[in-house]
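Visitor: here is a sequence together with a model predicted from it:
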Amino acid sequence: MINSELKKKLILNAKNLIGWRTKRNIIVFSIDDYGSVRLDSKEARENLDNSQIGVKSPFAGFDLYDSLETKEDLELLFDTLTSVKDKNGKNVVFSPFAVPCNPNFEKIKEAGFQQYIYELLPQTYDKLSTYQPEAYEGTWQLWKEGIDNELLIPQFHGREHFNLKVFAEKLEEKESELITILKNRSVARASSDAYETISMSDAFGFWDFKENEILKGIVEDGLNAFKKVFGYRASHFMAPGGWEHPVLHKTLKKCGIKYIDTPMIKREHQGKGKYKMKFNYTGKRNKHGQIYLVRNVVFEPTQKRNVDWVDYAMQQIEAAFRWNRPAIISSHRVNFCGHIDPENRAKGIGALKELLQRIVQRWPEVEFMAANELGDLIASDLEQ
């Protein structure tokens, strides 16, 4: 039998065997879930605990610690991203795969919890600046400064970070669990037990294939909202969970999406519980000419607590560079959130800072790029 250490090394190397190659040591941080409301506050979490609404996420940390990024979250993150420089004197850049819309809790309540109404992200921050000024006052301005200084280059993660089919059906059924969650200005912990193919956080999940026609409209509306919120059109897309059907890619292309993050091995739902397995790699083009990028490094320092995430990330980066592949580091906002529990953020930011210091020490020739910049580089190379 293959021992666990040898098996891990085989996997680290195997996932880098196929794909676009470069002699340059490129690091990309692709971070999901920015802009999305999950838990409103520590008080909201306590209320949900007291209401006996259990944690439904397969990764419990998301429903225990994840919240819309606060001013302090961003300040500490920016300090960390500027703590090291690459060979060109450039700081680290995060590519937040972000949503531009969240539930308008007030209007949903006014409508008797009978319909979904959304608001744009700046409006969410305006309200939170009033409700929770200590945490949120000035946060949206700091977001814009981060973009201007190229510390954050957001890309499209969907219009919202939850499934509207499930959401609407729960409202129609007047489900008490969801209504309690919404009364706490949160989206966390809502379940989707009715559909084996849809989790509540799976924004582009479906049961019947024809539901993708509705999802096409959400994609188009969401990308228009993204431009209103962030000031430019997104060129890169990552679906929550990476499980959108390729039938959406034509609409994404029409709306400006050139690059798509996708799993290497994708279990592609065809409708009503039937699946096809698809193999993807960085540099692969689809029939619309869009380029796929596959993340090959995982870094989730506040999730599985028995993993040395800095050491594990270094091993994964080393394997990528060994095969002349860029290191595309996958992570989630929850690792850098401290609104619910500051210790969670301290652990994640501390691990990130240690990882960055080890990267520049180990590879002084490293280059930090945004995800869309890597996409542009690959596109230019493939066209030659």
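Guide: That came through fine. Residues are numbered from 1 along each chain as shown.

Visitor: just the pLDDT at the closest residue to residue 370 other than its chain neighbours, thanks.
Guide: In this structure, residue 370 finds its nearest non-sequential neighbour in residue 153, 4.1 Å apart by C-beta to C-beta, 6 or more residues apart in numbering. (Each C-beta comes from the backbone N, C-alpha and C, glycine too.) Each residue has a pLDDT score; the one for residue 153 is 98.

Visitor: distance of residue 153 from residue 132?
Guide: 27 Å (C-beta to C-beta, to the nearest Å).

Visitor: can you pull out the strands in the protein?
Guide: Applying DSSP state E to the chain gives strands spanning 26-34, 94-98, 101-103, 118-120, 155-156, 236-237, 259-261, 265-271, 274-279, 291-293, 297-298, 327-332, 367-369.

Visitor: in CSV, list those strands along with mean neighbour count and distance to residue 175.
Guide: Output for the strands of the chain, formatted as CSV (neighbours: other C-beta atoms under 10 Å; distance: least, C-beta to C-beta, whole Å):
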stretch, mean neighbour count, distance to residue 175
strand 26-34, 24, 24
strand 94-98, 28, 28
strand 101-103, 23, 15
strand 118-120, 18, 19
strand 155-156, 26, 29
strand 236-237, 28, 30
strand 259-261, 25, 32
strand 265-271, 15, 24
strand 274-279, 11, 28
strand 291-293, 23, 37
strand 297-298, 20, 34
strand 327-332, 23, 27
strand 367-369, 22, 44
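
Visitor: restricting to C-alpha, output stretch 365-376 in PDB.
Guide: The C-alpha trace of stretch 365-376 is given here as PDB (Å, rounded to 0.1, in the frame of the first residue of the first chain):
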ATOM      1  CA  GLU A 365      12.000  36.000  -8.200                       C
ATOM      2  CA  VAL A 366       8.300  35.500  -7.400                       C
ATOM      3  CA  GLU A 367       5.700  37.700  -9.200                       C
ATOM      4  CA  PHE A 368       2.300  38.500  -7.600                       C
ATOM      5  CA  MET A 369      -0.600  38.900 -10.100                       C
ATOM      6  CA  ALA A 370      -4.400  39.300 -10.000                       C
ATOM      7  CA  ALA A 371      -6.400  36.400 -11.500                       C
ATOM      8  CA  ASN A 372      -7.500  38.400 -14.500                       C
ATOM      9  CA  GLU A 373      -3.900  39.500 -15.100                       C
ATOM     10  CA  LEU A 374      -2.900  35.800 -15.300                       C
ATOM     11  CA  GLY A 375      -5.800  35.200 -17.700                       C
ATOM     12  CA  ASP A 376      -4.500  38.000 -19.900                       C
END
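
Visitor: need the residues that contact it.
Guide: 24-30, 86-88, 90-93, 95, 150, 153, 155, 235-236, 258-259, 261, 291, 293, 326, 328, 359-360, 377 (C-beta atoms under 8 Å, 6 or more residues apart in numbering).

Visitor: repeat that for 7 Å
Guide: Stretch 365-376 is contacted by residues 24-28, 30, 86-88, 90-93, 95, 153, 155, 235-236, 258-259, 291, 293, 326, 359-360 when judged by C-beta atoms under 7 Å, 6 or more residues apart in numbering.

Visitor: how about stretch 61-74?
Guide: In contact with stretch 61-74 (C-beta under 7 Å, 6+ apart) are residues 33-34, 37-40, 55-57, 124, 128, 135-136, 138-139, 142-143, 146, 188-189, 302-303, 333-334, 336-341, 344-345.

Visitor: hmm, try it at 6 Å
Guide: Applying C-beta atoms under 6 Å, 6 or more residues apart in numbering, the external contacts of stretch 61-74 come out as 37-39, 55, 57, 135, 138-139, 142, 188-189, 302-303, 334, 337-341, 344.
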